[in-house]
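Asker: Sequence and computational prediction follow.
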Amino acid sequence: MAAFEKHFTLEEATALLPEIRKILERLQEARGKLVVDWETAAPVLRAAHQNGGGKEAHPYLQDLQGLNDRLRRLAELGVELKDLDKGLVDFPSWRGDREVFLCWHLGEETIAFWHDLDSGFAGRQPL
């Protein structure tokens with residue numbers, strides 16, 4: 001029985017790389033903004049039960065929404081985000097009759113590695 005519903009051929013996964021790159025870059029930007037905007041939003045959000053919230057929290061909440069939208073898009077595509085800092089993603093795939101991941105991260109031109117479901121990045125092997 002397969003662990004994943006969606007499986008990618010190398011060609012299908014490669015075709016998604018432009019969109020995946022954009023999503024990952026925007027996720028990294030949104031995460032960076034969250035840290036900055038939290039400093040302004042935190043006091044307002046902590047007091048929200050008393051004051052009903054405030055405009056200071058709006059940028060932080062927008063950042064959260066953007067982050068959630070992009071994470072949701074990756075999930076819709078069937079891609080597994082493994083490490084946001086590295087921009088590391090896995091694409092469920094088949095290698096013969098074995099379920100594996102095609103492995104890629106930001107900075108790599110193309111998908112050139114795969115690994116078993118349980119071996120992770122350290123178990124990457126060339127295609």
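Answerer: Okay, I see it.

Asker: Strands of the chain, residue ranges please.
Answerer: 80-83, 88-95, 98-105, 113-116, 125-126 (DSSP state E).

Asker: what would those strands look like in CSV with mean neighbour count, distance to Ala30 and mean pLDDT?
Answerer: Any C-beta I mention is one placed from the backbone N, CA and C, and that applies to glycine too. Shown next, in CSV, are the strands of the chain (neighbours: other C-beta atoms under 10 Å; distance: least, C-beta to C-beta, whole Å; pLDDT from 0 to 100):
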stretch, mean neighbour count, distance to Ala30, mean pLDDT
strand 80-83, 15, 13, 96
strand 88-95, 20, 16, 98
strand 98-105, 21, 18, 97
strand 113-116, 18, 27, 98
strand 125-126, 10, 32, 97
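
Asker: Can you lay out these as TSV showing distance to Glu12?
Answerer: TSV is the format used below for the strands of the chain (distance: least, C-beta to C-beta, whole Å):
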stretch	distance to Glu12
strand 80-83	15
strand 88-95	8
strand 98-105	9
strand 113-116	14
strand 125-126	19
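
Asker: which stretch among the ones you listed comes nearest Tyr60?
Answerer: Ranking the strands of the chain by proximity to Tyr60 (C-beta to C-beta) places strand 80-83 first, at 21.4 Å.

Asker: before we move on, the earlier item: out of the strands of the chain, the one nearest Arg73 is which?
Answerer: Judged by C-beta to C-beta, the one of the strands of the chain that comes nearest to Arg73 is strand 80-83, at 10.5 Å.
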